[in-house]
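>>> kindly return the folded structure for what I paste below:
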Amino acid sequence: AIKRQFTILIQSVAAPRAAAPAAGAGKGAGPGLLEGLAPFAPTLTVSNPGNVAFQRVEIDLQDDGTSDVTLPNLPDGMARVTLNYPDAGVYTVKVTVYAANGSTLFQARLKLKATAPAELAATIVGVYRTLTDRIADDDAAGAVSLFVGDARGRYAEILAALAGTLPGVAAQLGTPVDGV
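Down below sits the predicted model:
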C-alpha cells in the first residue's frame, strides 16, 4: 500500500464548499477551479498526514518558476498560507515538496479564478434579462432551465402555478440597475 504523503487544500472564506483538494503519494495532483471576486485571497493548507521527512515546501503563486513562499517545516504537520491575487484572471498555484537531497517528493498544481466584479455583474444582469424575457414569452420551461440544483424544482412549481399569467408577472419584475 502507498502511504499518503501530502495533502493540499485551497479554499476561500467566501466559497468554502468550492475547496479543491489535491492529495496523493508522489507527483501529480487534482483538478478543480476555485473562484472568487478580485481581489481574491484564498487560503492554501499544506498537510503531511504521513509524517514524511522533507526539506522544504515551495509555493509558486503564478506557476512561473519562482518560489513566492518557502516553508522549511510544517508545525504540527500542517501550515496555512493566505494567497493574494489582486487582479482578475486565471492563475495556477504550484506546491512542490522537496526531499533532503533536493528531489521532488510531491507536486500539485491548482487552478484559481479571480473574477472582476464587473464581469460577475454583467453575467448576473444577462441571466436576469434572459429569465425575464422567457417569462414574458410565457416560456416557463425555458425560464426554469436557467436554474440549477434544488432551485430548478422549486421554480418549476412556482412558474407552473403562474401559468397563463407569466407575461404580466414579467412586466412587474423591472430591469436591473448596474451598480458596479
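>>> can we go C-alpha only for contacts and neighbour counts from here?
Noted.
>>> how about the helices in the chain?
With DSSP state H as the criterion, the chain has helices at 117-136, 140-144, 149-161, 166-173.
>>> buried stuff in the shortest one?
Just to be clear, that refers to helix 140-144. Neighbour-count burial for helix 140-144 flags 140, 143-144 (criterion: 16 or more other CA atoms under 10 Å).
>>> same check, this time on the first one
When neighbours are counted by 16+ other CA under 10 Å, the buried residues of helix 117-136 are found to be 125, 128, 131-136.
>>> and those residues as TSV, adding pLDDT and distance to Leu162?
Shown next, in TSV, are the buried residues of helix 117-136 (pLDDT from 0 to 100; distance: CA to CA, whole Å):
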residue	pLDDT	distance to Leu162
Val125	92	23
Tyr128	94	18
Leu131	96	15
Thr132	95	14
Asp133	95	15
Arg134	96	13
Ile135	96	10
Ala136	95	12
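>>> need the helices of the chain in TSV (columns: distance to Phe40).
Listed next are the helices of the chain as TSV, based on distance: least, CA to CA, whole Å:
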stretch	distance to Phe40
helix 117-136	11
helix 140-144	32
helix 149-161	26
helix 166-173	33
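>>> longest single strand anywhere in this structure?
strand 104-115 (DSSP state E).
>>> check which helices and strands that one is in contact with.
Contact analysis of strand 104-115 by 3 or more CA pairs under 8 Å, 6 or more residues apart in numbering; DSSP states H and E lists strand 22-24, strand 33-37, strand 89-98 as its packing neighbours.
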